[in-house]
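Q: sequence and computational prediction follow.
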Amino acid sequence: MRVMVFAVTLLVLIVALSWYSTAYLQASAGGLLELLDGVEGEIRAGDWAAAQSSLRQVVDRWNTTHPYWKILIDHREADEIETALTRLQSFAATRSHEEAMSELAVLRFRLQHIPAKERLTLSNIF
């Protein structure tokens, strides 16, 4: 009987931690995506100084977020986000509109994809 109680408790704990980590990933990705929406508007308007300032805010937010993400996700995926951020900053500094928009789309995809990928679903288990 004690084994059954332990097993059920462990299962509940695993599901609860999975739910919490998914909620955290979703919330932190949402905050980063909101900041990136502002960056996109500034790039479209050609306001490169404001875009660079907003990108610094994105990088600051990422620098506080990514240590926790690295606990929850594959390190390679976190490194790919950092690479995309660095490339986006470089394209904004050189005022390369097409390249900046392309890298922004890549970064947005990665930030949306990771919480969905880490969600506890049957398709992710099997």
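A: Cool, got the structure.
Q: what's the strand or helix carrying W19 packed up against?
A: Taking DSSP states H and E as the criterion, the element that holds W19 is helix 2-45. Here helix 2-45 touches helix 48-72, helix 75-93, helix 97-118, going by 3 or more C-beta pairs under 8 Å, 6 or more residues apart in numbering; DSSP states H and E. C-beta coordinates here come from the backbone N, C-alpha and C atoms, glycine included.
Q: turn the ones you listed into TSV, including distance to Q26.
A: Shown next, in TSV, are the helices and strands packed on helix 2-45 (distance: least, C-beta to C-beta, whole Å):
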stretch	distance to Q26
helix 48-72	11
helix 75-93	15
helix 97-118	4
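Q: could those be laid out in JSON lines, adding mean pLDDT, mean neighbour count and distance to V39?
A: As requested, the helices and strands packed on helix 2-45 are arranged in JSON lines below (pLDDT from 0 to 100; neighbours: other C-beta atoms under 10 Å; distance: least, C-beta to C-beta, whole Å):
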{"stretch": "helix 48-72", "mean pLDDT": "95", "mean neighbour count": "16", "distance to V39": "5"}
{"stretch": "helix 75-93", "mean pLDDT": "95", "mean neighbour count": "16", "distance to V39": "8"}
{"stretch": "helix 97-118", "mean pLDDT": "93", "mean neighbour count": "16", "distance to V39": "7"}
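Q: list the contacts for the closest residue in space to S21 that isn't next to it in sequence?
A: Distances taken as C-beta to C-beta, 6 or more residues apart in numbering put L72 closest to S21, at 5.0 Å, once the chain neighbours are dropped. Contacts for L72 (C-beta atoms under 8 Å, 6 or more residues apart in numbering) come out as S21, Y24, L25, E118.
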